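S.K.: I'd like to go over a predicted model; first the sequence, then the structure.
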Amino acid sequence: MACMKLGSKSEVFHLDNLTWLCSTGLSSDVILEIGEKTFHLHKFPLLSRSGLLEYLIGDLSGEDETKCVLQLHDIPGGAKTFLLAAKFCYGVKIELTALNVVRLRCAAEYLQMTEDYGEGNLIMQTENFLNEIFCYWTDSIKALETCEEVLPHAEELHIVSRCIDSLAMKACADPSLFSLPMSGCSAVDNPGAAGIWNGIRTAAKPNPVSEDWWYEDVSILIFPLYKRLILAVGTRGMRAERIAGSVVYYAKRHLPLLGRQSSFPNGTCAAPGSAISASSDVGQRNLLEEIVELLPIEKGVTATNFLLRLLRTSMILDASQSCRENLEKRVGAQLDQAALEDLLIPNMGYSVETLYDIDCVQRILDHFILVDRGSLDSNSNCMVYEGQLMGGSNSLTPMTMVASLVDGYLAEVAPDVNLKLLKFESLAAGIPDYARPLDDGIYRAIDIFLKAHPRLTDSEREQLCRLMNCQKLSLEASTHAAQNERLPLRVIVQVLFFEQLRLRTSVAGWFFVSDNLENSQNHSGNLALIRNDASTQAAGTTQNHLVAVNDMKGRVSELEKECSSMKQDIEKLVKTKGSWNAILKKFSFRPKTKSSYDPNASKPGNNSKTLPESKEPLANGKVNHGSGELEG
């Protein structure tokens, strides 16, 4: 730390209870009262250095020639700082440091200790020292921190702005490009900074400095000073990612609620009206709102999980509506980067209907859909038409990720018995149809919801099942759905129908490949007769093709057996549903008799698309869906 000693005389001041006395051998002729402390001093040393004391002592001396009493309760820095100024007037040694120079500079200005009252007066000495410590990062931080105690005076003397400019310049500079004096310590004070080689002390190789080296140091500042520093580094061109990193560090240090878990099972989430004391609530709420405003507005520079933690904390602290809307929009703009556990925001309302705040997630999703739709519209090379993407397929990736995220979220909230069908449907329907390549995730969520809400009517069950497209279920999901008693019979028939179409397409495809391989075999044989030099290679290729054809024929035989087994299962199912008997006997379906698909254990993949179009109910012996049609 930089320091400077002023004066030459030995210590002549001593404290007696709350009174400072000066032992010079002469009786004191002036008394100064500052706060609870009293100073018994002499007129001449004071008025010879201070314009203010000369004026005050001169006025009182005309009234009473013996002793005058002055009150300086409003001096910057109080009695502690005045003691240093008084010692300077008496020529006693004082030590200037980064921790006392700001207060002493303000006190010197207050006392009018200019060059008119002696060469090298206190104002000039403290100014010179301030200019020196501005060369050092650590000392500048300490000086700025002490400005809080004398803020109005430090602002008037432009000490705050000079400290901030000095710090902003150093924070924006690349420390690897030049030797940045990070503190006032020398190599002797820091043994790790130097090494010994052949008996000679040499400078050690500097350690690499990361871009976040300044985050911790500036986090000690009060928010008004910190905010001015962040704005200053922003005007100097610092990247938004670095600014966001510093704000996140500051928030984690000064908002203790950010570290609390949000999930109910751990029992660590604050209930409405509890948690933090009312006295600290106001300060924490104001700080959170200020931090949200200070975060860079650029998309992606602030982590989504941190924004969601801020959102949860804003609900606990009952922050302003504008603050929460701001956070919801920020999260919505980058929802594809969120994790499922971060979205499980407990319901903080006083009239709690559901365990988790479904409405908040709905608003976040709506904003993401709006932003994503705008990005698609602005891209002339990308067009979505009838569920198909034409060009620019990468733009679907965020929507697909969000679809998977929403399906997982629906599966987590579905067991809540207070969750209404309309809310579940609204959230699931927010995902556009093209975003779900597979509908396994939404099927899993629907199945969990049906299990938790057994009192749904048949029409409500059919309405809920319209959220999924039976054509986009995987083999495991289709097999599970075909045996799921919670699904309406109409949905089971659709699943079996599309499995039958899938089976027929697969069998036809295998026979087509088999024919091509046989033709390829004959063609290769002819080439072998013409080109005798390639006979060995042709024979090996022919043998591989024969093996592949035999394997596919065996697979087709297995599929036929599975189809026969499915017919038997369907007949058993139809016996319990007499009205469907005439329809189902006309078709061949193919689910497996036993399924390993577990909707409660499966995780939603990174795929997602939304709700299929509403399917027409069975009527007049027909089922219409897409390209398939069943007739009775």
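M.R.: It's in.

S.K.: contacts, neighbours, all on C-alpha from now
M.R.: OK.

S.K.: so where's the stretch 201-350 of the chain shaky on pLDDT?
M.R.: Confidence mapping of the stretch 201-350 of the chain against pLDDT under 70 gives the ranges 201-208, 260-279, 349-350.

S.K.: all helices of it, in order?
M.R.: Using DSSP state H, counting those that start in this stretch, the helices of the stretch 201-350 of the chain run over 215-218, 223-235, 240-254, 278-294, 304-316, 321-333, 340-343.

S.K.: and the strand or helix carrying Asn131, C-alpha only, in CSV?
M.R.: Taking DSSP states H and E as the criterion, Asn131 maps to helix 122-133. Extracted in CSV, the C-alpha atoms of helix 122-133 (Å, rounded to 0.1, in the frame of the first residue of the first chain):
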residue,chain,number,x,y,z
LEU,A,122,-2.5,19.8,3.7
ILE,A,123,-4.6,20.3,0.5
MET,A,124,-1.6,20.1,-1.7
GLN,A,125,-0.1,17.2,0.2
THR,A,126,-3.3,15.1,0.0
GLU,A,127,-3.8,16.0,-3.7
ASN,A,128,-0.3,14.8,-4.6
PHE,A,129,-0.9,11.6,-2.7
LEU,A,130,-4.2,10.9,-4.4
ASN,A,131,-2.6,11.3,-7.8
GLU,A,132,0.0,8.8,-6.8
ILE,A,133,-2.4,6.1,-5.6
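
S.K.: check the burial of Thr304 by counting its neighbours.
M.R.: Residues contacting Thr304 under the criterion other Cα atoms under 10 Å number 23.

S.K.: how about the contacts made by it?
M.R.: Contact analysis of Thr304 by Cα atoms under 8 Å, 6 or more residues apart in numbering lists Val331, Gln334, Leu335, Gln337, Ala338.

S.K.: most neighbours, which of these?
M.R.: Compared across the contacts of Thr304, Val331 has the highest neighbour count, 28 neighbours, by other Cα under 10 Å.

S.K.: which intervals of the stretch 1-150 of the chain have sub-threshold pLDDT?
M.R.: Across the stretch 1-150 of the chain, residues meeting the criterion (pLDDT under 70) sit at 1-16, 20, 23-25, 61-66.

S.K.: which parts of it are helices?
M.R.: For the stretch 1-150 of the chain, helices defined by DSSP H, counting those that start in this stretch occupy the ranges 43-47, 51-61, 78-90, 101-111, 122-133, 137-146.

S.K.: most packed of the ones you listed?
M.R.: Per residue and on average, the most neighbours among those fall to helix 101-111, with a mean of 25 (mean count of other Cα atoms under 10 Å).

S.K.: check which helices and strands it sits against.
M.R.: helix 51-61, helix 78-90, helix 122-133, helix 137-146, helix 151-156 (3 or more Cα pairs under 8 Å, 6 or more residues apart in numbering; DSSP states H and E).

S.K.: can I get the shortest one as PDB, trimmed to CA atoms?
M.R.: So that's helix 151-156. The C-alpha coordinates for helix 151-156 follow below in PDB (Å, rounded to 0.1, in the frame of the first residue of the first chain):
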ATOM      1  CA  LEU A 151     -19.700  11.200  -0.300                       C
ATOM      2  CA  PRO A 152     -21.100  14.700  -0.800                       C
ATOM      3  CA  HIS A 153     -17.700  16.300  -0.200                       C
ATOM      4  CA  ALA A 154     -15.800  13.700  -2.300                       C
ATOM      5  CA  GLU A 155     -18.300  14.300  -5.100                       C
ATOM      6  CA  GLU A 156     -17.700  18.000  -4.900                       C
END
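
S.K.: what sits up against it?
M.R.: Where contact means Cα under 8 Å, 6+ apart, the residues beyond helix 151-156 that reach it are Pro76, Val102, Cys106, Cys147, Val160, Ser161.

S.K.: dump the residues you listed into a markdown table; add distance to Thr138 as well.
M.R.: Listed next are the contacts of helix 151-156 as a markdown table, based on distance: Cα to Cα, whole Å:
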| residue | distance to Thr138 |
| --- | --- |
| Pro76 | 23 |
| Val102 | 15 |
| Cys106 | 21 |
| Cys147 | 15 |
| Val160 | 15 |
| Ser161 | 16 |
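
S.K.: all strands for the chain, in order.
M.R.: Along the chain, counting by DSSP state E, strands occupy 3-6, 13-16, 19-22, 30-34, 37-41, 68-71, 94-97, 194-197, 200-203, 383-385, 388-390, 622-625, 628-631.

S.K.: who does the fourth one pair up with?
M.R.: Partner strands and pairing direction for strand 30-34 (DSSP bridges) are strand 37-41 (antiparallel), strand 68-71 (parallel).

S.K.: quick one: contacts of the first one?
M.R.: If I follow you right, that is strand 37-41. Strand 37-41 is touched from outside by Leu18, Thr19, Trp20, Leu21, Cys22, Ser28, Asp29, Val30, Ile31, Leu32, Glu33, Ala79, with contacts defined as Cα under 8 Å, 6+ apart.

S.K.: tally of neighbours for the second one?
M.R.: Think Thr19. Around Thr19 there are 15 other residues, counting by other Cα under 10 Å.

S.K.: separation between it and Arg455?
M.R.: In this view, Thr19 and Arg455 are 83 Å apart by Cα to Cα, to the nearest Å.
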